[in-house]
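what follows is a predicted structure for the sequence shown.
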Amino acid sequence: MSEFDYIIIGAGSAGCVLANRLSADPKNKVLLLEAGPKDKSVMIHMPAGVGQLIGKNTKTNWNYDTEGQPHLNNRRLFWPRGKVLGGSSSINGMIYIRGHARDYDHWRQLGLEGWGFADVLPYFKRSEGYDTSDEFHGSDGPLGVSDVQNTNVLFDAFKEAGVQAGHPATKDFNGPQQEGIGPYHVTIKNNQRCSAAKGYLTPILDRPNLTVETEALTSRILFEGKKAVGVEYTQNGNTVQARAGKEVVLSGGAINSPQTLMLSGIGKGEYLRKFGIDVVADLPGVGQNLQDHLDATVIEECLQPVSLHSQTNPARMLMTGMQYVFFKSGLGTSNGLEAGAFLKTRPELEMPDVQIHFVAASMRDHARIKSEGHAYTVHVCQLRPESRGFIGLKSTDPEAPALIQPNYLEAQYDRTVMRDGVKMVRNILKQPAMAPYSGDEVMPGAHVQTDDQIDAWIREKAETIYHPVGTAKMGNDDMAVVDHRCRVRGLEGLRVVDASVMPTLIGGNTNAPTIMIAEKISDDMLGKAPLPAEHVRIAEDDAASAA
């Protein structure tokens, strides 16, 4: 049995950060396990390759499916998740969003000491390699962040239309004012995707105290009594065990982390015994509290040939790919998601409750349905759903997928917000700035007008926008799985560090917050004092003062 100080399960957004920070001390011997392959595919590193990664059954995608959704016409939804070095940060849309400052203040109010926005802002800044630094941004971090490039005329028109519809403009969703319509920051640097693997792992692969094993699927965590002492995994058909002298860290994500915990005997005891699993720790919250952003897409025909539809021509795709491979230039350098918005469906809300992603192309069913002509797509998702689901087991076989039941739209409130969000998008698209481009509405279609019709369309067409969290939540209540230091309750030597520990879903894309969590916990694991809190003013502070 190989001996290490730390074993990290999962080389995704959190795992790559931990591998980097823990192995920075040459005294620490670190093992990083990844179930997928190395991140060699050109589609990963070329920003425009995102459509090929999310919507296709590739080797770098877990290709999960949910159970039938009772409030979405019993449909099983496709859940793409990264199975490769970098995890989902290697296949995602590369949007860099932290969420709203109030999201983290809410965590602090839930009793999570050290997780207010002032506490986490320094870790966002430490991770960030933006072009400039200020009170909200860092420029020296491993995660390359940049402003969007290759702006299409449709993005400018959409932003102008949002202002015409009465929404504020904002230049920086990660700055003092999140509410409004404007450009996204992206995890693209030097015209290449900057995944967590690219930013944190690739530069340190030659460290002699770091071992990275790919195609290594974790079967279970090994215990001696209540102490985690190692990991068992399979690789190339062989069963391998490795021992951890200090800690085992589970960073498999909101699906795989609770599955691994349950297969290792950590979960609701009564439930585990049904599968013949010996109970190590009776923690009923494992797999519960699942939250995700549900997404509806409004698609319109584009009257001018300015969308990205031309890129679906095989010859053009080849030319774009060649230009990118040889010159790192052209449309291959863009993620096609350059503008968006954070809006309030009701003016009295403290912070935005819907997010919009604008795509200069037709994007249906995770890009698995081919574009049939020039069009553009507006994604709208509810940021803080009240519905809760769960992750369970279908089998004790680690290679079998987990049971995924997000339970979308169980709460009536969620249905109302989604409907209002669709109405807001339609209103933006009717503004004068979009008139030169606005053709017939493809989805939902002109025949869908009443509230009941919109609700029925959402039930038939809504999909995930890839932000599951919460299934091993931080907290102090009986359903909490880890404490505020991400240590699994009632056990020694085991932490969970990934999106599953978020107690509530933040208002935005989840990659940057997951990286922040790993940055913060790495200091705790190394015995370092937390970075000093940084207090900044946000727009809501000024609004409250005025009131």
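Great, that's in hand. Numbering: from 1, shown residues only.

after the longest strand along the chain comes which helix or strand?
Determined from DSSP state E, the single longest strand within the chain is strand 238-250. With elements assigned by DSSP states H and E, the helix or strand that comes after strand 238-250 is helix 253-263.

gap between the very next helix or strand once past that following helix and the chain center?
Counting by DSSP H and E, the element after helix 253-263 in chain order, helix or strand, is strand 266-267. Per C-alpha atoms, centre = their mean, to the nearest Å, the displacement of strand 266-267 from the mean C-alpha position of its chain is 24 Å.

show me the helices in this protein, by range?
Using DSSP state H, the helices of the chain run over 13-23, 42-45, 50-54, 101-109, 117-127, 153-164, 196, 253-263, 269-274, 314-327, 412-429, 451-461, 511-525, 539-546.

quick check: pLDDT value at the residue nearest to Lys227 when sequence neighbours are not counted.
Nearest non-adjacent residue to Lys227, counting by C-beta to C-beta, 6 or more residues apart in numbering: Glu492, 4.2 Å away. C-beta coordinates here come from the backbone N, C-alpha and C atoms, glycine included. We have a pLDDT of 98 for Glu492.

surely Glu492 touches Val229?
No - judged on C-beta atoms under 8 Å, Glu492 makes no contact with Val229 at a distance of 9.4 Å.

give me the more crowded residue out of these two.
Under the neighbour definition other C-beta atoms under 10 Å, Glu492 and Val229 were set side by side, and Val229 has more, 20 against 14.

so what's the residue lying closest to that one once chain neighbours are set aside bridging to?
With C-beta to C-beta, 6+ apart as the criterion, Val229 has its nearest non-adjacent residue at 5.4 Å, and that residue is Leu222. Leu222 has the following beta-bridge partners by DSSP bridges: Gly230.

so which of the helices of the chain is the most surrounded?
Between the helices of the chain, helix 196 has the highest mean count of neighbours, a mean of 33, where neighbours are mean count of other C-beta atoms under 10 Å.

in contact with Gly321, which residues?
By C-beta atoms under 8 Å, 6 or more residues apart in numbering, the residues touching Gly321 are Val42, Met46, Gly332.

number of nearby residues for Asn509?
Counted with other C-beta under 10 Å, the neighbours of Asn509 add up to 27.

quick check: it touching Ser89?
No - Asn509 lies out of contact with Ser89 (C-beta under 8 Å); the separation is 10.6 Å.

wait, doesn't Leu531 sit right on Phe124?
No - judged on C-beta under 8 Å, Leu531 makes no contact with Phe124 at a distance of 10.4 Å.

so which bits of stretch 145-154 are buried?
Neighbour-count burial for stretch 145-154 flags Val145, Ser146, Val148, Asn150, Asn152, Leu154 (criterion: 16 or more other C-beta atoms under 10 Å).

number of residues surrounding Phe4?
Counted by other C-beta under 10 Å, the residues lying close to Phe4 total 23.

distance check, it against Lys246.
Using C-beta to C-beta, to the nearest Å, Phe4 is found at 8 Å from Lys246.

and for Ala315?
55 Å.

same deal with Tyr96?
Look at Tyr96 and Lys246: by C-beta to C-beta, they are 32 Å apart.

the more surrounded of these two?
Tyr96 (24 against 15).

the more buried one contacts Pro183, doesn't it?
No - Tyr96 lies out of contact with Pro183 (C-beta under 8 Å); the separation is 11.2 Å.

list the contacts for Ile391?
Ile391 makes contacts with Ala254, Ile255, Pro258, Gln259, Gly287, Leu290, Ala402, Leu403, Ile404, Gln405, Thr471, as judged by C-beta under 8 Å, 6+ apart.

just the strands in the stretch 51-200 of the chain please.
Assigned strands in the stretch 51-200 of the chain, in chain order: 64-65, 78-79, 95-96, 128-129, 143-144, 146-147, 180-183, 185-186, 188-189, 192-193 (criterion: DSSP state E, counting those that start in this stretch).

need those strands in TSV (columns: distance to Gly336 and mean pLDDT).
Shown next, in TSV, are the strands of the stretch 51-200 of the chain (distance: least, C-beta to C-beta, whole Å; pLDDT from 0 to 100):
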stretch	distance to Gly336	mean pLDDT
strand 64-65	24	96
strand 78-79	19	96
strand 95-96	11	98
strand 128-129	22	98
strand 143-144	18	98
strand 146-147	15	95
strand 180-183	13	96
strand 185-186	10	97
strand 188-189	12	95
strand 192-193	13	96
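
select, out of the ones you listed, the one closest to Thr345.
Taking C-beta to C-beta, strand 180-183 is the member of those nearest to Thr345, at 14.5 Å.

tally up the residues packed near Pro468, please.
Close neighbours of Pro468, defined as other C-beta under 10 Å, add up to 27.

dump the residue contacts of it.
Here Pro468 is in contact with Trp79, Gly253, Ala254, Ile255, Leu290, Gln291, Asp292, Pro406, Ala499 (C-beta under 8 Å, 6+ apart).

surely Asp513 and Val501 touch.
Wrong residue type there; residue 513 is Pro, not Asp. No - at 10.5 Å, Pro513 does not count as touching Val501 under the criterion of C-beta under 8 Å.

quick check: neighbours shared by the two?
Joint contacts of Pro513 and Val501 (C-beta under 8 Å, 6+ apart) do not exist.

what's the spacing between the nearest residue to Ser307 once chain neighbours are set aside and Gly12?
Spatial nearest neighbour of Ser307, chain neighbours left out: His374 (4.3 Å); criterion: C-beta to C-beta, 6+ apart. For His374, the distance to Gly12 equals 36 Å [C-beta to C-beta].

okay, those two: which has more neighbours?
Each of His374 and Gly12 has its neighbours counted (other C-beta under 10 Å); Gly12 has more, 33 against 22.

return the distance of that one relative to Ser310.
From Gly12 over to Ser310 (counting by C-beta to C-beta), the distance is 34 Å.

at which residues are the strands of the stretch 351-500 of the chain located?
Taking DSSP E, counting those that start in this stretch as the test, the strands found in the stretch 351-500 of the chain are 354-359, 375-382, 390-392, 403-405, 438-443, 463-464, 494-496.

okay if I get those as JSON lines plus distance to Thr187?
Below are the strands of the stretch 351-500 of the chain laid out as JSON lines (distance: least, C-beta to C-beta, whole Å):
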{"stretch": "strand 354-359", "distance to Thr187": "15"}
{"stretch": "strand 375-382", "distance to Thr187": "18"}
{"stretch": "strand 390-392", "distance to Thr187": "26"}
{"stretch": "strand 403-405", "distance to Thr187": "26"}
{"stretch": "strand 438-443", "distance to Thr187": "28"}
{"stretch": "strand 463-464", "distance to Thr187": "20"}
{"stretch": "strand 494-496", "distance to Thr187": "23"}
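
quick one: closest of those strands to Asp420.
Among the strands of the stretch 351-500 of the chain, strand 354-359 comes nearest to Asp420, with 7.7 Å by C-beta to C-beta.

pull that closest one out as PDB, backbone CA atoms only.
Extracted as PDB, the C-alpha positions of strand 354-359 are listed here (Å, rounded to 0.1, in the frame of the first residue of the first chain):
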ATOM      1  CA  VAL A 354     -32.800  35.300 -12.600                       C
ATOM      2  CA  GLN A 355     -29.700  35.000 -14.700                       C
ATOM      3  CA  ILE A 356     -29.600  35.300 -18.500                       C
ATOM      4  CA  HIS A 357     -27.000  33.900 -20.900                       C
ATOM      5  CA  PHE A 358     -27.200  35.200 -24.500                       C
ATOM      6  CA  VAL A 359     -25.800  32.900 -27.200                       C
END
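
any chance you could list what contacts it?
The contact list for strand 354-359, computed with C-beta under 8 Å, 6+ apart, reads 93, 95, 154-155, 158, 181, 293, 336-345, 376-383, 417, 420-421, 424-425, 465, 507-508.

any idea how far the residue nearest to Ile465 when sequence neighbours are not counted lies from Ala456?
In space, and not counting its chain neighbours, Ile465 is closest to Asp295: 3.8 Å by C-beta to C-beta, 6+ apart. Distance check for Asp295 against Ala456: by C-beta to C-beta, it reads 17 Å.
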